[in-house]
Each structure stands twice: as C-alpha cells, then as structure tokens.
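*Asks:* Build me a structure from this.
(chains A and B)
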Protein chains: 2
Amino acid sequence: MGFRLISNCRSEPIVGEDRQDIEALIDLMARLPGLGPRSARRAVLHLIKKRGRLMSPLATQMQLVADTARECITCGNIGTGDLCGICASEKRAIGEICVVEDVSDLWAMERAGGFKGRYHVLGGTLSALDAVGPEDLRIPALIQRVMDEQVHEVILALNATVDGQTTAHYISDELAGRCAVTSLAQGVPIGGELDYLDDGTISAALKARKSV
Amino acid sequence: MGFRLISNCRSEPIVGEDRQDIEALIDLMARLPGLGPRSARRAVLHLIKKRGRLMSPLATQMQLVADTARECITCGNIGTGDLCGICASEKRAIGEICVVEDVSDLWAMERAGGFKGRYHVLGGTLSALDAVGPEDLRIPALIQRVMDEQVHEVILALNATVDGQTTAHYISDELAGRCAVTSLAQGVPIGGELDYLDDGTISAALKARKSV
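*Replies:* Coordinates of the predicted model:
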C-alpha cells in the first residue's frame, strides 16, 4: 500500500513498492554504534548518491575485513592471522605486557606511541553487577603468559573507572611476586586547564606531585 | 615501524604491521555523514566483533543496493528500475505532483503518509551563491511533466529556508496559468509549545489563523 496514517520515525518503511533492499540496508546500518534510524537513512542516501565512488568500495572492503579479521590467539588483538601483527613482530620487546580492556584501547595506546612491548586484551572488566568474573575475561591467559614468557613488567592501562580500577587491583594481586606491576600515571591531562578539571583529578595530581 | 612520536587523531594509522585493510575500511566509513574518524573506528571495531552476524550481511546488502539502486528517469526518486516504485504504481494519482528538494524529503513525506499522488525530486535548490540555476535542477523536467501529464495541482513541499522559498517562488512563477500551485501550510508544529517556538513561526501562524 505504501500508506500509513499513524507513523513514527523508528520502524516505518519508507516506500512500500520497491524499497525492501534499501530498507534492509538502513536497518543494518542503524545497528552500528553512533547511528540511529535517522542518521542511518541519511548515511544510506549519501551512499546511494555516491554508489560508484564510495558505496561499492566500502562494501568490498567490508567483506574483505569480515572474511580476514580474527582475534590473535595470544593477546586478543585483531589481526589477519593466528598471531596479530604485534605478537608476530620481532621488533616488539617480549618482557613487557600492556594490559588493556578492549582493542580500541590498544589502538589508542598505539596511536600515542612510545610503548615498545606487547599487549594483552582482557575483553572487558570484572563486574559484580554484570556477573563478569576472571574466567570470563582473558585474565587466566594473562597469568599463564606471565609464567611462560619471560615477562618482567605488566603495565595496567585500564580505564580510570570503578570497574577498571577493580580489575587492576585484582590483576596486581594475582601477579604479586611474579613480576613488576605498574599502571598509567594519573594527573592533569596535557593541555588541560585546572579550572575545567574535576576535583578527583586535581586531588590525584596533587597527591602524585613530583619535584621539578 | 608502528610508532610515531607526534600523533593526531585524524590520519594516524592504528598499527602498522597488518592493519592496512582495517585502516582502509575506517577511512571509507569516516566519509559517511555523521561519522568522523573516531566514530568510524568505533563502528568498525563493533562490526569486526560481530563479523558473522552483522558485518557480512551489511557488506552483502550494501553491494546489492550499490548494484541495483538507480534514479527514476521521471521523478528522480531512487528505485531499482527505470521507473521508481511510486511512478510505476497504478495506485498513485497522476494529476498531483509533490515537488521536494531531495530524496530524503520524499521519504519524509511518505513516512507522514496522506499524499496519494506522485513526486518530483529537484535535486537541490536555486542558489545564487553556489551558482545553481534552474537548468542544474530538475525544474525544466518538472515543467515538461506538467505539460505532458494531466497535472492539475503541483504541491511545493520545499524546506522553509531562504533558498527553498526562493525556489518555490521561481517554480510557482513558471507554472502560473498551467496548473494550481500550492505549498505546505506554515504554522505551529503538532506538539509544539509556543514558548519554545521562534518568532517567525508564531507570526506566520498568527497571519494564517483560521476559524475553529
């Protein structure tokens, strides 16, 4: 029919006749983080207008990554082989492991540069509320790695949230006596203005003050 | 190398070794409206985590739409054949044409329902600043349609912007004497509160007041 008297912006089909394919694409796009039904429609319309230069290459590239991407069996990072590029690289130091919650945190660490060791992606944080225990994360694998590889330092690069810090405490307890455990410094961010910082950050930075 | 001392969040590769494919996908995703480099990374990471259930179907569907979608030769709407579903439908009235700027506006009109005629997508608005003249839009084709088809009413559903209203005036001048030309009513939106409305809308609603 193509007509409805009562409409809402969520699940309404655009035009009934020949739009099932476009509708299905919009529904799939709307499941991406940061895109709702409205912005998914806008994105799909933009794609259709540029279907030669953008849409086809994007579909091809997406299929390629879907077919090749996989988790590294050692660290949980995403790569194209059994071992990710970092674990397979001979240039990365073996003795240092940087522990992160998620692959996006690993990417952020790599963008910042400066860390020359290897990573371990936990895949989340401990959470009593969501019933996430150590076995649900890659914590046993981390402890195994620390014992198997000659690891002398584990750097905890976990988010400064309650769950992140709980996880950091748990891991440092588990690794106590096996290797050095450090965590990222807390303090004033580079370029940060005191007036815009929260009280907790200023207190932490004051406690961790250092001589100049 | 995988390391850079100076980094910014724009064009920085994530990890040098085996990430060219993922990088290329992020670059393509970042060209969608509403997605920047940061949200494109987040979306791609989400896709990779759900590569079986979401990423592959999305890539397939995107390729399908890229291969089949095309502009209707009559009205400029997007469909899968020479004629779009609305122009090809025998259920839509022939005598009424609703003129919209863009396909997204056509979709909005269809979601609202209630219009049983056909559409004409201009593909933009007249703009002196951007040097967009009537020949750059589908305005000559609209005038031709009004003459060829038995059109008795053209409904201008153009945006209430300066360019949109300029275009509406131009079209109504061109069509004067050939058919009735109407435009969408302006006034208080449904559910709107006077206190939050701009002065122009309230003035327009007052001028167009009607007896109850």
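*Asks:* How about the most centrally placed residue in chain A: what's its closest non-neighbour residue?
*Replies:* Geometric centre of chain A, nearest residue: A:S104, 2.6 Å, by Cα atoms, centre = their mean. Nearest non-adjacent residue to A:S104, counting by Cβ to Cβ, 6 or more residues apart in numbering or on different chains: B:L45, 5.5 Å away. Bear in mind the C-beta positions are built from the backbone N, C-alpha and C, glycine included.
*Asks:* What score does the residue nearest to the centre of chain A have for pLDDT?
*Replies:* We note a pLDDT of 90 for A:S104 in this prediction.
*Asks:* Is it correct that it is in contact with B:A40?
*Replies:* No: when contacts are counted by Cβ atoms under 8 Å, A:S104 is not listed as touching B:A40 (12.0 Å).
*Asks:* Can you classify A:M147 as helix, strand or coil?
*Replies:* For A:M147, the assignment made with DSSP: H, G, I helix; E, B strand; the rest coil gives helix.
*Asks:* which non-adjacent residue is nearest it?
*Replies:* A:R178 is the one closest to A:M147 (Cβ to Cβ, 6+ apart), at 7.0 Å.
*Asks:* Count the neighbours of A:K207 for me.
*Replies:* Using other Cβ atoms under 10 Å in any protein chain shown, A:K207 has 9 neighbouring residues.
*Asks:* Can you check the pLDDT for it?
*Replies:* At A:K207, the model reports a pLDDT of 84.
*Asks:* In contact with the residue nearest to the centre of chain A, which residues?
*Replies:* Neighbour list for A:S104: B:R41, B:R42, B:L45 [criterion: Cβ atoms under 8 Å, 6 or more residues apart in numbering or on different chains].
*Asks:* does any bit of stretch A:61-77 sit next to chain B?
*Replies:* Yes: remark: stretch A:61-77 sits within contact range of chain B at A:Q61, A:M62, A:Q63, A:L64, A:V65, A:A66, A:D67, A:T68, A:A69, A:N77, by Cβ under 8 Å from any Cβ of the partner chain.
*Asks:* my guess is the residue nearest to A:S104 contacts A:L106, does it?
*Replies:* No: taking contacts as Cβ under 8 Å, B:L45 lies outside contact range of A:L106: 10.2 Å.
*Asks:* Comparing those two, which residue is more hemmed in?
*Replies:* More crowded of B:L45 and A:L106, by other Cβ under 10 Å: A:L106, with 26 against 18.
*Asks:* Surely the more buried one forms part of a helix?
*Replies:* Yes: membership of A:L106 in a helix is supported by three-state DSSP.
*Asks:* Ends of stretch A:154-165, what's the gap?
*Replies:* This stretch, stretch A:154-165, spans 15 Å end to end (Cα to Cα, to the nearest Å).
*Asks:* is chain B contacted by that stretch?
*Replies:* No: for stretch A:154-165, no contact with chain B is found by Cβ under 8 Å from any Cβ; the gap never falls below 14.8 Å.
*Asks:* can you pull the buried residues of stretch A:71-88?
*Replies:* Neighbour-count burial for stretch A:71-88, with 16 or more other Cβ atoms under 10 Å in any protein chain shown as criterion, is recorded at A:71-72, A:74-80, A:83-87.
*Asks:* Serialize the residues you listed to JSON lines and add fields for secondary structure.
*Replies:* Below are the buried residues of stretch A:71-88 laid out as JSON lines (three-state DSSP):
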{"residue": "A:E71", "secondary structure": "strand"}
{"residue": "A:C72", "secondary structure": "coil"}
{"residue": "A:T74", "secondary structure": "coil"}
{"residue": "A:C75", "secondary structure": "coil"}
{"residue": "A:G76", "secondary structure": "coil"}
{"residue": "A:N77", "secondary structure": "coil"}
{"residue": "A:I78", "secondary structure": "strand"}
{"residue": "A:G79", "secondary structure": "strand"}
{"residue": "A:T80", "secondary structure": "coil"}
{"residue": "A:L83", "secondary structure": "coil"}
{"residue": "A:C84", "secondary structure": "coil"}
{"residue": "A:G85", "secondary structure": "helix"}
{"residue": "A:I86", "secondary structure": "helix"}
{"residue": "A:C87", "secondary structure": "helix"}
